[in-house]
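A.B. asks: Dropping a prediction and its sequence here:
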Amino acid sequence: MQPVPGEREPLGGGPTPDEPTELAELLRRSARGDEHAFARLYDSTSARVFGVVVRVVRDRAQAAEVTQDCYLQVWQQSARFDAARGSVLAWMLTLAHRRAVDRVRSAQAAGARDARYAVREPTQERDVGEAVVDKLEAERVRKALGTLTGIQREAIELAYLGGYTHTEVAGLLDIPLGTAKTRLRDGLIRLRDHFGGERR
């Protein structure tokens, strides 16, 4: 049976028992399904449990949710409580702190995923767009290079696609530097005329 008190938002006004033994007794009765005892346990401890949670999550609405989750866990696990390992209140505050930390980590992980998604999506779109543009440009360049003579294309490819200097082009083609420059100049003029004709 689900405890009705677990649905309440802790407001911090409940009575505090004088002795830890009273909390232990209320928890023992709760373990046997005594909802009245659980309600008293809730009223006696909710202010401190909520205080621990709100200090971690820093949001009262989320803290109320985490606190309710914590009390549901207390209700479900009350029979497992071991008094030899500490007081009832310490056990409950430990549960509350763990659940609050879990909520914060979950929110941070979700935020990180959203941030990665937001960054990745435009980047992917840009990468696809750039790839298309690059492919179109490469096709245009190949088409333009096809209008050159063989010796012009060879010199242009070495200089502007291979990254070689004019002197290096001359050395690679085993021609005088002046000849290499002439081939490059004539090839560039022809390419300029080709691209200029495309814009008309």
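C.D. replies: On my side now, so go ahead. Numbering: from 1, shown residues only.
A.B. asks: got the domain boundaries for the chain?
C.D. replies: 4-112, 146-199 (automatic domain parsing).
A.B. asks: what about the closest residue to residue 187 other than its chain neighbours, which helix or strand?
C.D. replies: Excluding the flanking residues, the one nearest residue 187 by C-beta to C-beta, 6 or more residues apart in numbering is residue 152, at 3.6 Å. Quick note: C-beta positions are derived from backbone N, CA and C, even for glycine. Assigned by DSSP states H and E, residue 152 falls within helix 150-156.
A.B. asks: and that helix, how far out from the chain's middle?
C.D. replies: Computed by C-alpha atoms, centre = their mean, to the nearest Å, the separation of helix 150-156 from the middle of its chain amounts to 50 Å.
A.B. asks: Which helix or strand in the chain has the lowest average pLDDT?
C.D. replies: helix 88-145 (a mean of 70; mean pLDDT, DSSP states H and E).
A.B. asks: With mean neighbour count added, can I get the domains of the chain in JSON lines?
C.D. replies: Formatted as JSON lines, those follow (neighbours: other C-beta atoms under 10 Å):
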{"stretch": "domain 4-112", "mean neighbour count": "17"}
{"stretch": "domain 146-199", "mean neighbour count": "15"}
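A.B. asks: Mind putting those domains into TSV with distance to residue 140?
C.D. replies: Formatted as TSV, the domains of the chain follow (distance: least, C-beta to C-beta, whole Å):
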stretch	distance to residue 140
domain 4-112	42
domain 146-199	8
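A.B. asks: about what we covered before: quick check: the residue nearest to residue 187 touching residue 189?
C.D. replies: No. The criterion here is C-beta atoms under 8 Å, and residue 152 misses it with residue 189 at 9.5 Å.
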